[in-house]
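Novice: with the input below, show me the fold.
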Amino acid sequence: MRANRLLAVTVLSVLGVTGLTACGPDATKKGDSAPAASGSAGAAASKPAAGGGLEGLSVEQIMTKMRAANGKLKSVKAAFQVQESEGDISGDVAADSTGNCAGTIGIKGKGKAEILRIGGKVWLKPDAEFIKVVVPGANTSVANLISGKWLTSTKSATMAGRFDQFCDMPLGLMKKAGLNEDGTPDNSGTKNSTKKVGGVDAVVLTVGGEESGKQMEVAIADQGEAYLLSVDGGESGSMRFSDFDKPVPATAPAADQVVDVDSLKKAAG
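Specialist: Next up, the predicted model:
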């Protein structure tokens, strides 16, 4: 996999977790648009100090700088929007290198939920519609018990197995961008144009098409560190990255605001 590797590790990685739209509680793991279910997905990228000069470099040099910048990141936020047959997915998730994360995920027509991960433990706070995704078949009494509460799992990997992939995604994608599956550099692509992403000057590369026939645009910061700022896969979806090395606002919910999802399985039928 060559130029479309960036597409594979961004848009398609999100598509890989959409199985949650049809799975029950015991399921296991298997762009410049504003995500509809994201509270702050349109937030501007953190503006680095003035720099520049990427437009005068080769694609290989640009990709090399991007990999070096991304590789040093300790935290980042990813706002994403993916078109998928079982329900378009959108969200806004910030994560750091210690595994903490906080954000929102949503599925069109199926509601949305806040997500938290701290110390390897995952909590999910679904709205009324998203309860049906987390606990399929939940009756009225179960839904009322869950409403407004954070769900977690103490006896199984249910919550982590299905949802912590969203927490792994932001930094994971930044670290893999511009690499082949075997970890070797992928420097293919063509320089396209320049533009601003979240107020930051960026160089745009066009990549993909060699295997899938689908092209995409990636924008790389031309100010300060050469971070990957956005990925636009057209109909497949898009992502925007921001809040580079900013603290992740993850705080564990109070005990009286938490419900163990394992205890609901029997009641949900």
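
Novice: got the CA positions of stretch 256-266 in PDB?
Specialist: Coordinates of each C-alpha in stretch 256-266 appear next as PDB, following Å, rounded to 0.1, in the frame of the first residue of the first chain:
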ATOM      1  CA  ASP A 256     -23.100   7.900  41.900                       C
ATOM      2  CA  GLN A 257     -23.200   8.900  38.300                       C
ATOM      3  CA  VAL A 258     -21.900   5.500  37.000                       C
ATOM      4  CA  VAL A 259     -23.800   2.400  36.000                       C
ATOM      5  CA  ASP A 260     -22.200  -1.000  35.300                       C
ATOM      6  CA  VAL A 261     -23.300  -2.100  31.900                       C
ATOM      7  CA  ASP A 262     -22.700  -5.800  32.800                       C
ATOM      8  CA  SER A 263     -25.500  -5.600  35.300                       C
ATOM      9  CA  LEU A 264     -27.900  -4.500  32.600                       C
ATOM     10  CA  LYS A 265     -27.500  -7.300  30.200                       C
ATOM     11  CA  LYS A 266     -30.000  -9.600  31.900                       C
END
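
Novice: distance of residue 93 from residue 80?
Specialist: If you measure residue 93 against residue 80 using Cβ to Cβ, to the nearest Å, the figure is 8 Å. Any C-beta I mention is one placed from the backbone N, CA and C, and that applies to glycine too.

Novice: now for those two: what residues contact both?
Specialist: Common contacts of residue 93 and residue 80 (Cβ atoms under 8 Å, 6 or more residues apart in numbering): residue 169.

Novice: more neighbours: which of those two?
Specialist: residue 80 (30 against 24; other Cβ atoms under 10 Å).

Novice: just checking, that one is part of a helix?
Specialist: No: using DSSP: H, G, I helix; E, B strand; the rest coil, the assignment for residue 80 is strand, not a helix.

Novice: surely it and residue 88 touch.
Specialist: No: using Cβ atoms under 8 Å, residue 80 makes no contact with residue 88, being 10.7 Å away.
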